[in-house]
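K.L.:
The following block contains a protein sequence and its predicted model.
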Amino acid sequence: AQKVTQAQTEISVVEKEDVTLDCVYETRDTTYYLFWYKQPPSGELVFLIRRNSFDEQNEISGRYSWNFQKSTSSFNFTITASQVVDSAVYFCALSEYSTGGFKTIFGAGTRLFVKA
Amino acid sequence: EAQVTQNPRYLITVTGKKLTVTCSQNMNHEYMSWYRQDPGLGLRQIYYSMNVEVTDKGDVPEGYKVSRKEKRNFPLILESPSPNQTSLYFCASSPGDVSYNEQFFGPGTRLTVL
């Protein structure tokens, strides 16, 4: 069965610190997709990144970077030099194809507080 | 503007009174889905649909119904709401092709069932 674990419920850092948000997933499928979404205090959900199971390349986008390791079933997210605007809840998600379409499981989320 | 819209945004109702939350997207997306968000549980998928007349259950379908008669609309129906359905609901859509792009989420509907 699918499962996504974000063990860190809340993280608090001071501005300019680096922070890593952990995501561990479980799946029996060989084809799957992993995502990170951001939910700022305003409540909307913002897409950050997608990775498919055949693409283990790490990715960097500005201050954001992602480390996908199939060997440990992890898809961790690092924010370098954090800023107050990074304060949000971050969700990791796993999607697999099912009969009616893509079934998606989200982790419980990690709430990040960045203090000035 | 490309968007997913939900109505109403806020709703307070009473147990047993049927209600419908509408969801519409203007991006010609094939894939649509409903989620509920509860504290400490993240988002949980209720139903999803790959195309018109094709729907399937997510992880928490009990107490909900959906229909997909048109590509752009995917309403969520609560036939007899109960207090445990008090939650924040999100509708989402996606192109749904094999590369599976990200889901675009609506603004959310906060439902309170008394």
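P.N.:
Yep, it's here. Numbers count the residues shown, from 1 in each chain, chains lettered A, B, ... in the order given.
K.L.:
Help me confirm that A:Pro41 comes into contact with A:Ala88.
P.N.:
Yes: taking C-beta atoms under 8 Å as the definition, A:Pro41 is a contact partner of A:Ala88 at 7.0 Å. (Each C-beta comes from the backbone N, C-alpha and C, glycine too.)
K.L.:
Buried residues of stretch A:56-75, list them for me.
P.N.:
Of all the residues in stretch A:56-75, those buried under the rule 16 or more other C-beta atoms under 10 Å in any protein chain shown are A:Tyr64, A:Ser65, A:Trp66, A:Phe68, A:Ser73, A:Ser74, A:Phe75.
K.L.:
before we move on, what about stretch B:24-34?
P.N.:
Neighbour count says stretch B:24-34 has B:Ser24, B:Gln25, B:His29, B:Glu30, B:Tyr31, B:Met32, B:Ser33, B:Trp34 buried, by 16+ other C-beta under 10 Å.
K.L.:
Ok, stretch A:103-116 next?
P.N.:
Under the neighbour-count criterion of 16+ other C-beta under 10 Å, stretch A:103-116 has A:Lys103, A:Thr104, A:Ile105, A:Phe106, A:Gly107, A:Ala108, A:Gly109, A:Thr110, A:Leu112, A:Val114 buried.
K.L.:
before we move on, what about stretch B:2-10?
P.N.:
B:Val4, B:Gln6.
K.L.:
Touching it from outside, list them.
P.N.:
For stretch B:2-10, contacts defined as C-beta atoms under 8 Å, 6 or more residues apart in numbering or on different chains pick out B:21-27, B:89-93, B:104-110.
K.L.:
Which ones among those residues lie within strands?
P.N.:
B:21-25, B:89-93, B:104-105, B:109-110 (DSSP state E).
K.L.:
which one of the residues you listed is nearest chain A?
P.N.:
Using C-beta to the nearest C-beta, B:Phe105 comes nearest to chain A of these, at 4.1 Å.
K.L.:
Contacts for the longest strand seen in chain A, please.
P.N.:
The longest strand of chain A (DSSP E) is strand A:88-98. Applying C-beta under 8 Å, 6+ apart, the contact partners of strand A:88-98 are A:2, A:4, A:6, A:21, A:23, A:25, A:27, A:29, A:31-41, A:45, A:48, A:75, A:77, A:102-107, A:109-112, B:42-43, B:56, B:100.
K.L.:
Are any of those buried, and if so which?
P.N.:
For the contacts of strand A:88-98, buried by 16+ other C-beta under 10 Å: A:2, A:4, A:6, A:21, A:23, A:25, A:27, A:32-39, A:45, A:48, A:75, A:77, A:102-107, A:109-110, A:112, B:42-43, B:56, B:100.
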